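[1] Predicted model, plus sequence, below.
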Amino acid sequence: MRRVMLVWHKHRPDAQTAASVMMSELDSLGVEVVEEARPNSADLLLALGGDGTILAAAEYARRCDVPLLGVNLGHMGFLAEATDQGFDELAQRIANEDFHLETRMTLDVVVRQPDGTVITDWALNEAVVIHTDVAHPVHLALAVDGQDVSTYGADGIVLATPTGSTAYSFSAGGPVVWPDMEAIVMAPLAAHGLFTRPLVVGPSSKLEVGVLSENWTSPELWCDGKRRNSLPPGSSVTTTVGQWPVRLVRLDDTPFSTRLVQKFNLPTRGWRNGRNRSVGK
């Protein structure tokens, strides 16, 4: 490993401290740390912070096809692979390229506005169409593969990747989807209607959300909570499986089920008589 691009949360003292330590550790091993202005010259992106910081770094990783390693300094940290313990060992593993890569699906997002404007975007976690008037729902229509499916009066609609299924989509009642799958999750936010269940569609499907005319204000599209676009009535948001994935660095072979239990602190002890039970016993 020759060059690492380091990204950290600039407004957090602990992230600044962690960045300084990692720079020193990597330098001592002969690994050059490059600036954000030179992502094309990096062999690996190292992000220090929470999932928000990692999502910001994912923009560089996807554009430049560089592996991304996240160090969790936040709370949940589902995208992170390491914690802020043992920076010397982490730097050594980076220098030795002692890791493997995991490919994560992304979303390609196309916005078509009624004046003919076309906006393209993408998401690693989710694209969210959300209301801007907290006192009123937004009125949306959903189509799958060209077939109108339903209309909603809701706070919004989340369109998520398997990676994002444990984020906003999960809080909206969407299912947890294993990240090695290719699928798109649609989860309505606080929806009114007879059919408000989340949907999971396959990798060849196209989901389209249309903004209906009877809205008090124009909703917004947020991609990964980072990029925002206004959606005047008559706009549509189309999502498909992304052409370019993001490669995440993994330091061990811990299965996703174990990560899920650990991150959500799920109760795995016996539910009968308080006894500890396991499958098959």
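    Cool, got the structure. Residues are numbered from 1 along each chain as shown.
[2] all helices for the stretch 151-281 of the chain, in order.
    Shown for the stretch 151-281 of the chain, the helices assigned by DSSP state H, counting those that start in this stretch span residues 168-171, 256-264.
[3] Which of those helices has the lowest mean pLDDT?
    When the helices of the stretch 151-281 of the chain are compared on mean pLDDT, helix 256-264 scores lowest, with a mean of 89.
[4] which of the residues in that one are buried?
    Neighbour-count burial for helix 256-264 flags F256 (criterion: 16 or more other C-beta atoms under 10 Å). (C-beta placed from N, C-alpha, C; glycine too.)
[5] Identify the residues contacting that helix?
    Helix 256-264 is contacted by residues 76-78, 166, 176, 178-180, 266, 268 when judged by C-beta atoms under 8 Å, 6 or more residues apart in numbering.
[6] Mind doing that once more with 7 Å?
    76, 78, 176, 178-179, 266, 268 (C-beta atoms under 7 Å, 6 or more residues apart in numbering).
[7] Just the CA atoms of it, as CSV, please.
    C-alpha atoms of helix 256-264 as CSV (Å, rounded to 0.1, in the frame of the first residue of the first chain):
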residue,chain,number,x,y,z
PHE,A,256,-23.5,-10.0,8.7
SER,A,257,-25.8,-11.8,11.2
THR,A,258,-23.2,-11.3,13.9
ARG,A,259,-22.8,-7.6,13.0
LEU,A,260,-26.6,-7.2,13.2
VAL,A,261,-26.8,-8.8,16.6
GLN,A,262,-23.9,-6.7,17.9
LYS,A,263,-25.0,-3.3,16.4
PHE,A,264,-28.6,-3.6,17.6
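[8] Figure out how far that helix is from the centre of its chain.
    16 Å (C-alpha atoms, centre = their mean, to the nearest Å).
[9] cool, and stretch 106-119?
    Worked out by C-alpha atoms, centre = their mean, stretch 106-119 lies 20 Å from the chain centre.
[10] need the helices for the stretch 1-150 of the chain, in chain order.
    Under DSSP H, counting those that start in this stretch, the stretch 1-150 of the chain gives helices at 13-28, 51-64, 87-95.
[11] any residues touching stretch 41-59, and which ones?
    1-9, 12, 15, 18-19, 22, 34, 60-61, 66-80, 94, 124-125, 224-226, 246, 249.
[12] Filter the residues you listed down to the buried ones.
    1, 4-9, 12, 15, 18-19, 22, 34, 60-61, 66-74, 77-80, 94, 124-125, 224-225, 246, 249.
[13] In strands, which of those appear?
    The members of those that map onto strands under DSSP state E are 4-8, 34, 68-72, 246, 249.
[14] possible to save the helices of the stretch 151-281 of the chain as a markdown table with distance to L48?
    Output for the helices of the stretch 151-281 of the chain, formatted as a markdown table (distance: least, C-beta to C-beta, whole Å):
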| stretch | distance to L48 |
| --- | --- |
| helix 168-171 | 23 |
| helix 256-264 | 19 |
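[15] Mind checking the pLDDT average for stretch 231-250?
    Stretch 231-250 carries an average pLDDT of 97.
[16] distance between that stretch and the chain's centre?
    11 Å.
[17] Just the buried residues of it, please?
    Along stretch 231-250, these residues count as buried under the neighbour rule (16+ other C-beta under 10 Å): 231, 233, 235-242, 245-249.
[18] Likewise for stretch 206-219?
    Here stretch 206-219 shows 206-211, 215, 218-219 as buried, counting by 16+ other C-beta under 10 Å.
[19] Alright, calling it a day.
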